[in-house]
Each structure stands twice: as C-alpha cells, then as structure tokens.
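A.B. asks: below is the structure, and that's it, no one-letter string:
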C-alpha cells in the first residue's frame, strides 16, 4: 500500500470527486494543503482577497452548473470564522460547498494556541457536517463522507478542519481503490404521484409552484414538460426563477411581497389548488398564511422530510427529490393524456395570460436623476437570453426580480434566504470560473458593492470578465424604505461630499476610481438615454481587456419599490403601465408569437 501524507490523499480525493477549481487564501496552518495542490498541479486555484469572498465564490461556482461543488480554503482561526457567512448562505439555499480550514496541531487545541478556535463547533449549525479530523488515517473517510453528505438528500455545505500535524502525517492510501459513496435521494412512489394528479384534476384553477429544488435537481425540462402535459400555469419562486422561461405561455409570474409580479400575485389569489415542488413556502413568497392559503388546497413535494409541514400542513405531502418526482409525474401525465383523462384548462390559462398582459409595472421614465425602473428596461434590451444574472439583496435585487427577464435555469443566481451584503461580486466571479464563456451580469446597490469591493482585484488578476451594474442612490435603500413604518430616515445615508471627487455632488464614494484602482474598467451614467450605450461599451471593454467592467448608474436618491406585507396588499408607489410604451421590454403573454401552443 502506498504511503503518502494525509493531505496529499485529500487532494487526490478532491480530484477523484470531480473538483477542478478551488477558491481561497493560504496561511501557515493550511500550507501543507497548498503544498499538495502545487505538487499535484491538477486543480486550479483562485486567490481571493477576503476569505468570506472565497466562500461566496465557491457558492457562485456551485450554483452555475449541475454537479459542481465549490471548494473554499482558508487557514486557522479567523479564516474559518470569516467563511461562516458563506456556509450559512449555502445551507439556507441547499447549496453544496466544501470549506477546508487549517488548524493548530492536535496537542495544542486546548492550549489557546495562536489562531486555534473550535471552528467545527461554530460551523455546526450552518453545515451538514463540521469535523475537526484528529487522526491522520481518518482524512480519506472524512472527505469521502463530506462529498456523500453534500450530494445526498437536501444538498448543503460541509466543513473539514485539518490540524497541521494531521495534514503532515503519512498514511497508507491508494487512490486507485477509492470510490465515491453512493448518493442517497428519496423518490416518490407511483401511488403518491397518482394521488397528487387526482387532486390536481379535481381542481378548476390549479397552479404549479416551482422552487429552487427543481434547479438544484437539474429538472427544469421535466417541470416544463409536466406543465405542458397537464396545461397548468407555473409560478416560479425566486430561487426557482428560470425553471420555466419568462416568455413561456404557462409562466404565470412570481408571487411574493417583494420580488413578485402583479399578475403573479393576482393569479395565485384566483387559484384553488397549488402543487409545490422543491420549494420552502418562504415568508417573502407567501406573506401571511391566512391570505396565501385561503380557498386553496396544497400538495407539497420536497426532498427534506422535515420540510413537509414546517411552514403549514399541506393537504398532501410527498418526500422526494424533485427530479425523481417529476420523472414520475411526467410518466403518469403522459399516460393520462393519451387516455384522454386530463381536463381542459384553456379558459384558466387564458385568464392567467390576460393578467400577464394587463397587470404590468411602468419602466419607461425620462427622469434625471434616473429612476431605477429604467435601468432594468435597458438591461432587458441590452442583455440576451443567455445572460447569467447574479444578485443578492436590497432594492436593486427586488426591482430586478420584478422587472428583469430570465429564460433558463441557473441564469438567475441569487442568495435567497441569507441575503448577505457583499455576496454579489465574489459570487459573480465564481460564476465566471464555472462558465468562462458566459455573459455574466451582476446587479448591486452601492452598499452591497462596497461590502466586498476588494474582490474586483481578483477579477482583474485572474481575467474574469463580467459586467457589474451598480445602481447608486447613495442610500441603504431597502432599510430606508422599511424605516417609513417608524417615521424615520436614520443611519442609512451613505452620501457625503467627497473632497477628491466634487463632481459626484454628494454621492460619496467614487466607485469609478476605486474600480480603476483595482485594475478594472468603469463607466458612470447620469442620463437615461446613456444607459444602453454604456452597456454596449461595457461589453466591448470586457471583451478587449478581460476584466470586470463596472457600469455605475446614478439614481434618484429616494425611490420606493413595490412591496407590502400581504400578497393582496402590495403597495405600488409609481404610476402603473397603461400603454405599451410605458413598459416596452415587458413580456406580455398575449403578444407572443408561439401562442399556438394553446390551440
């Protein structure tokens, strides 16, 4: 049996498990791992500027392609604690990432050694497994179990903490005999699927709710096929956005208190039956449960048994991986369609499409400073169907969810539940690593952008080009808007008179100079008619220089974006679209050329 260092075995296992890229920062306690990486020279490494940034890069990498597992690496102590936010974000959205940390030698763990912290205990609540490996011979098993857990059941992150002496010790290990553990995923039964379809058939106005579990399971095509077979409109959640193209006749809009469409909320309120697949019934989707549930029957399919009934008890629950369930749903639906056993849904579908035609928000404004709605209109005009959007939180993300268009799974990459400021920029870099040929467009407000602005240098150093749309109102806009309920505007203003950039007129940070100082390109826009030309110039700069290009758009300081506390009480602060020119890039179902699907 070959004898090699335990850390060399770990790197070989990473290779065998399909890892080709890692994101991290070296340090004294993790240098043996870096030595093994260098020796093997099979895994590419991206050097982050902040360890939290590395964890978000790993998230973006995982979220981009089915089967990817992002790996983030850091030394002992603060490196691990810095990555906790990334682990929490990944855990909340069911995203498998592997966090590897260095640690003080085993004999010093209880002696308050330099940068020695019980990172496994800290990370435990936000991982599927957090383990400090105390015996060198346990290293292969720890990594094997990590990949098994990340892929099995509800996906999620794992942390492996490696004391220095454990990494350096020699063990008996033969990679040629290593095999990944079988992945476990629960599967629906035919009886369960038949019962769910019986309940759907009995409804007059049914809907499918498509959650992020469908994206994670790489099952979007099956969802669309099921919707077309049973002729039932689909409501994607924010994490499921892209599972059905926005311009598909059965795409009925998103529902929620914030990232929602007016027509989506109205359609949900008109429905009498909801089949949710791979979704969590998150509170910003449902709002108050009395309103959301009233008059409707619910079936819930989820991979995690404890998710069924967690938010409210459905009339029927199925524990299953989304892909396994949808394969069976499609099989049974095909049989029933061939036998003429599926009801006609034409009238209900046309009603949903009429709302999609009529209930639009206005995007076309000529105001200076620019209204944010105009930015998303121009993004729809400038960026194509293959664009991968990346965003995190704030009024910028909320308005993006209301007004942008997404046509493919994994083309809206969003940190859904945790929503940490600063996530967007490093996550976008992870997306660029995962799909180097993609058009990647990040969307941030000024505060999200400033949180991890140093990671721009990573994009320049490693030639990771993307467009970062920075909507700047020099405010914590979402918090300011929520403070209206407290009759205050306190501690949320980011503007100041910048002595080095008086031309900013009190907007504070000169993002253009900062971006250029990081080795990137940047454009500032003040007039609405200049937005689209700026996007076209950004594409050229990105292609020419192979670096991130920031397009900063100076917005009016105060804009209230549509939202509310109930899905039947969303407040609209702007004039709604009443004519086509008010929302020229909106998707109207009744205008689609491929409506013959309904015939």
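C.D. replies: Done, it's in. Because the structure is a prediction, the values reported are computed rather than measured.
A.B. asks: all strands for the stretch 451-599 of the chain, in order.
C.D. replies: Under the criterion DSSP state E, counting those that start in this stretch, the stretch 451-599 of the chain carries strands at the ranges 467-472, 521-525, 549-554.
A.B. asks: can you redo the ones you listed as a markdown table with mean neighbour count, mean pLDDT and distance to residue 121?
C.D. replies: The way it works is simple: take the backbone N, C-alpha and C, and place the C-beta from them, glycine included. Putting the strands of the stretch 451-599 of the chain into a markdown table (neighbours: other C-beta atoms under 10 Å; pLDDT from 0 to 100; distance: least, C-beta to C-beta, whole Å) gives the following:
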| stretch | mean neighbour count | mean pLDDT | distance to residue 121 |
| --- | --- | --- | --- |
| strand 467-472 | 28 | 97 | 37 |
| strand 521-525 | 21 | 98 | 43 |
| strand 549-554 | 25 | 98 | 39 |
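A.B. asks: select the longest helix from the chain.
C.D. replies: helix 322-338 (DSSP state H).
A.B. asks: give the buried residues for that helix.
C.D. replies: 322, 323, 324, 325, 326, 327, 328, 329, 330, 332, 333, 336 (16 or more other C-beta atoms under 10 Å).
A.B. asks: thinking again about what came up before, want to throw the strands of the stretch 451-599 of the chain into TSV with distance to residue 459?
C.D. replies: Putting those into TSV (distance: least, C-beta to C-beta, whole Å) gives the following:
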stretch	distance to residue 459
strand 467-472	9
strand 521-525	11
strand 549-554	10
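A.B. asks: the bottom helix or strand of this protein by mean pLDDT?
C.D. replies: helix 477-482 (a mean of 85; mean pLDDT, DSSP states H and E).
A.B. asks: that one - contacts with which helices or strands?
C.D. replies: helix 395-403 (3 or more C-beta pairs under 8 Å, 6 or more residues apart in numbering; DSSP states H and E).
A.B. asks: helices or strands up against the helix it packs on?
C.D. replies: helix 372-382, strand 388-391, strand 440-445, helix 477-482.
A.B. asks: run through the bridge partners of the most centrally placed residue in the chain.
C.D. replies: Centroid-nearest residue in the chain, with C-alpha atoms, centre = their mean: residue 414, separated by 2.6 Å. Note on residue 414: beta-bridge partners residue 391, judged by DSSP bridges.
A.B. asks: could you number the chain from 8 rather than 1 from now on?
C.D. replies: OK, 8 is where the count begins now, so the last one is residue 421.
A.B. asks: residue contacts, it?
C.D. replies: Applying C-beta atoms under 8 Å, 6 or more residues apart in numbering, we find residue 421 in contact with 245, 246, 248, 397, 398, 399, 404.
A.B. asks: and the second one, how many residues sit next to it?
C.D. replies: This means residue 246. Residues lying near residue 246 (other C-beta atoms under 10 Å) number 28.
A.B. asks: now do it against residue 16, distance only.
C.D. replies: Computed as C-beta to C-beta, to the nearest Å, the residue 246 to residue 16 distance reads 36 Å.
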